[in-house]
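Engineer: give me coordinates for this.
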Amino acid sequence: MRVQKDKLLEFIQKHEQVTFCDIERFFDSCGMNYKGDTGIGLSQSKLVVWNGWNRKASRAFMELVAEGKIHMFRTGMSKVPMPPAFRDVDKLCLLNYVPVLIQAERR
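Structural biologist: Numbers count the residues shown, from 1 in each chain. Below is the predicted model:
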């Protein structure tokens, strides 16, 4: 099953804050197809916050960000896991990684 944006938002809303690994565990538990080679980045700075998802999963996530329904905020390196590409030492110099946590807009 492909990633469903409404279910992703509902998952994030149920938690105070989540990591991308938390989201991947959610995708796995729901049988959602999310794995790929697309990166998620901050458009203004071109910094990478995560990678390893397919285009549809990345787009669903970024649409929620663009709609203001979820927010990413910078955190310390020790608080979140590294993205898959950064676990490969040869790729470390190719990308700039920013550790973030994710939370839903509180209304």
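
Engineer: can you give the distance from stretch 50-66 to the centre of its chain?
Structural biologist: Here stretch 50-66 is found 7 Å from its chain centre; the criterion is Cα atoms, centre = their mean, to the nearest Å.

Engineer: ok, stretch 72-79 next?
Structural biologist: Computed by Cα atoms, centre = their mean, the chain-centroid distance of stretch 72-79 equals 12 Å.

Engineer: pretty sure residue 102 belongs to a strand, no?
Structural biologist: Yes. Counting by DSSP: H, G, I helix; E, B strand; the rest coil, residue 102 is found in a strand.

Engineer: mind listing what it touches?
Structural biologist: By Cβ atoms under 8 Å, 6 or more residues apart in numbering, residue 102 lies in contact with 12, 17-20, 23, 70-72. Yep, even glycine has a C-beta here, placed from its N, CA and C like the rest.

Engineer: among these, which one sits closest to residue 51?
Structural biologist: Checking the contacts of residue 102 against residue 51 with Cβ to Cβ, the nearest one is residue 20 at 9.2 Å.

Engineer: what's the local residue count around the closest one?
Structural biologist: When neighbours are counted by other Cβ atoms under 10 Å, residue 20 registers 24.

Engineer: one more: residue 22?
Structural biologist: Using other Cβ under 10 Å, residue 22 has 17 other residues around it.

Engineer: could you do residue 106 as well?
Structural biologist: Neighbour number of residue 106 under other Cβ under 10 Å is 7.

Engineer: confirm that it sits in a strand.
Structural biologist: No. Under three-state DSSP, residue 106 falls outside any strand and is assigned coil.

Engineer: so what's it scoring on pLDDT?
Structural biologist: Note on residue 106: pLDDT of 77.

Engineer: quick one: contacts for residue 16?
Structural biologist: Residues near residue 16 by Cβ under 8 Å, 6+ apart: residue 103.

Engineer: and the gap between it and residue 75?
Structural biologist: The gap separating residue 16 from residue 75 is 13 Å, by Cβ to Cβ, to the nearest Å.

Engineer: now residue 60: closest residue in space, sequence neighbours ignored.
Structural biologist: Once flanking residues are discounted, residue 60 sits nearest to residue 5: 4.3 Å by Cβ to Cβ, 6 or more residues apart in numbering.
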